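Undergrad: model this:
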Amino acid sequence: MNWKSVIETNEVTIASPGRINLIGEHLDYNGGVVLPAAIDLKVNLFFKKNNTQLCNVYSKNYNDGFTIDLGKIAISEMEWHNYFLGVIHFIDQKYPGQIKGFDCVVDSSLPIGSGVSSSAALECGIAKGISLLFDVGLNNSEIITMSRDAEHHFVGTKCGIMDQFAVVMGKANKLIELDCHTQNFKYVSADMSPYNIVLLNSNVSHNLATSEYNLRRQEAESGFNFILKKYPEYQALAHVPLEVMEEFKHELSEVVFRRICYVAKENQRTLLASKHLENGDLEKFGELLFQSHEGLRKEYEVSCSEMDFLVDFAQGFDGVLGARMMGGGFGGCTLNLVHDDATNDFIEETARTYKKEFNIELSPFRVSIGDGVQSI
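TA: You can find the predicted model right below:
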C-alpha cells in the first residue's frame, strides 16, 4: 500500500481525540462518577475503499503495516492490530456484510501508554471512519459500546465506558460529569484560567499495568459481591456509602477492604470536585486532586515511585494547585493544575529533578479541552 497516496486521495478523514480524566480514577467499572474531557491531541485516520475483501492498515508512528482478511478475523499477537480487528468484528457482527476492503493510514500526536487513552481514540476513530466510509450509520452509542467491546475482547483490558464516552461525546471547553452506571451525564465548565492543565509523561510503563488493572477490577467486584449478600439493593460499588462498607471491615481481606473504601471516597471527591469547578473554587478543586493521588497510592495501590515523585514535587511547588497520577496506573502521566506565571519554571524544574532522580527524560505537554471524534 502506498500510504502517502492514501492520505492524498482519501475518502474519509477522522480526527479522534485523546482524553484526560480530571478526577474519578478507576470508578468507571465500579459504576461511579467521573470527570473526563476530550483534548486537543488527536489520532488522525485516513480511509479509502480498495474494492477487495482485504483491509490494509499502516501506522506512521510504528512505521508498520498489516493486512486483514475480512473472512478471517482473529486476535493478533500484535496489540495495536487488535484495535482494528476488534472494531471490525463487532461492526460486522451487528451489520454483517457492510464492511468491504479499505486502506487506512494512522497518524497520531497522542503519546502511547501515557494515560491519555490513545487506545480509545484509535478504536472510536476506526468505528467512525468505517461507518462513514461504508454508510453503516453507527450512532454515538454504538461507536462507544463497540469500541469498548473491542478493548475487552480483543485487546484484553476490561475497561469501563469512560474513555470511549469522552472520546465520542467530548465538547470544547467542557468537562463531562458522567455517571458510569446510568450513563447520564452533564457538561461542566472547564474554565480554569489563569491555570493550565499540564501533563507530565513519566515515560515509564511498568509491565504490571494490564494484569494489575484487571486484578483491581476483580478485587473491587469481589468486595461488592460480598456486600450484595446483605444489601442486594445497591446497583454499583460506587453507590455503597463508606459507613456501610465499614460494617464489612473484619469480614473482607484487608486488601479488598482498602480497595472498596477507595471507590467510595473517590466517588465523593469527584462529586465535590464538579461542584467546586461550577463555583469557580479552583483551590478546593486542586486539593481534591492531591487527595485522589493519595488514595490511588495507598488504598488502590496503582501508583509507582516515578508517579509519586512527580506528584510530591508538584505539591511542594509554588503555583501548583493540584496534581495526581492519571490513567490505569504504574506509569503514564501526572495531571497538574499550574498557574500561567509558574508553568514554564514548573516544567523545567520538574524535568531536571526527575532526570536527576531516575535518569529518565520527562515529556511535558499542555493540553486544552477539545471536541470529540469527528470527520474533517
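Undergrad: What is the neighbour count of the residue lying closest to residue 282 once chain neighbours are set aside?
TA: Distance criterion CB to CB, 6 or more residues apart in numbering; nearest residue to residue 282, sequence neighbours excluded, is residue 321 at 5.7 Å. The C-beta positions use only the backbone N, C-alpha and C, and glycine is treated the same way. Look at residue 321: counted by other CB atoms under 10 Å, it has 19 neighbours.
Undergrad: Contacts for the helix or strand containing residue 321 next, please.
TA: Using DSSP states H and E, residue 321 maps to strand 320-326. For strand 320-326, contacts defined as CB atoms under 8 Å, 6 or more residues apart in numbering pick out 20-21, 23, 25, 115-116, 195, 199, 282-283, 285-290, 292-293, 296-297, 302-303, 307, 310-311, 314-315, 332-339, 342, 346.
Undergrad: one more time with 7 Å, if that's ok
TA: For strand 320-326, the surrounding residues in contact (CB atoms under 7 Å, 6 or more residues apart in numbering) are 20-21, 25, 115, 195, 282-283, 285-290, 292-293, 296, 303, 307, 311, 314-315, 332-338, 346.
Undergrad: Run me through the strand neighbours of that strand, direction for each.
TA: strand 331-339 (antiparallel) (DSSP bridges).
Undergrad: Show me how far the partner strand is from its chain's centre.
TA: Chain-centre distance of strand 331-339: 14 Å, with CA atoms, centre = their mean, to the nearest Å.
Undergrad: same deal with stretch 301-319?
TA: 20 Å.
Undergrad: ok, now stretch 19-39?
TA: With CA atoms, centre = their mean, you get 8 Å for stretch 19-39.
Undergrad: now do stretch 211-228
TA: Worked out by CA atoms, centre = their mean, stretch 211-228 lies 20 Å from the chain centre.
Undergrad: List the buried residues of that stretch.
TA: Residues 212, 213, 214, 216, 217, 219, 220, 221, 223, 224, 227 are the ones in stretch 211-228 that count as buried (16 or more other CB atoms under 10 Å).
Undergrad: Between these, which sits nearest residue 59?
TA: residue 213 (23.8 Å; CB to CB).
Undergrad: Touching, the closest one and residue 328? I think so.
TA: Yes: Residue 213 lies in contact with residue 328 (CB atoms under 7 Å); the separation is 4.6 Å.
Undergrad: Just confirm residue 67 is within a helix.
TA: No: assignment of residue 67 by DSSP: H, G, I helix; E, B strand; the rest coil gives strand, placing it outside any helix.
Undergrad: Just the pLDDT for it.
TA: pLDDT, residue 67: 96.
Undergrad: same check, this time on the one 10 residues further on
TA: For residue 77, the pLDDT comes out at 88.
Undergrad: cool, and residue 111?
TA: With respect to pLDDT, residue 111 scores 71.
Undergrad: can you check residue 207 too?
TA: Reported pLDDT for residue 207: 66.
Undergrad: Closest to the centroid, which residue in this structure?
TA: In the chain, the residue lying closest to the centroid (CA atoms, centre = their mean) is residue 117, at 3.8 Å.
Undergrad: Isn't it up against residue 17?
TA: No: contact criterion CB under 7 Å: residue 117 and residue 17 do not qualify, at 8.9 Å.
Undergrad: Assign residue 19 to helix, strand or coil.
TA: strand.
Undergrad: just use 865 as the starting number from now, easier for me
TA: In the new numbering, first residue 865, that becomes residue 883.
Undergrad: Was I right to think it contacts residue 982?
TA: No: look at residue 883 against residue 982 with CB under 7 Å: they stay out of range, at 9.6 Å.
Undergrad: just the helices in the stretch 1065-1214 of the chain please.
TA: 1073-1094, 1106-1110, 1118-1142, 1146-1162, 1169-1179, 1207-1222 (DSSP state H, counting those that start in this stretch).
Undergrad: Counting by contacts, list what the second one packs against.
TA: Going back to what we said before, that points to helix 1106-1110. helix 1118-1142 (3 or more CB pairs under 7 Å, 6 or more residues apart in numbering; DSSP states H and E).
Undergrad: And the helix it packs on, what's buried?
TA: Buried, per 16+ other CB under 10 Å, within helix 1118-1142: 1120-1138, 1140-1141.
Undergrad: average pLDDT across it?
TA: 97.
Undergrad: Next, the angle from it to helix 1146-1162.
TA: Interaxial angle of helix 1118-1142 relative to helix 1146-1162 (axes from the mean of the first three to the mean of the last three CA atoms, to 10 degrees): 170 degrees.
Undergrad: what is in contact with residue 981 and residue 881 at once?
TA: Common neighbours of residue 981 and residue 881 (CB under 7 Å, 6+ apart) are residue 1031.
Undergrad: Tell me the pLDDT of residue 1024.
TA: On the pLDDT scale, residue 1024 gets 78.
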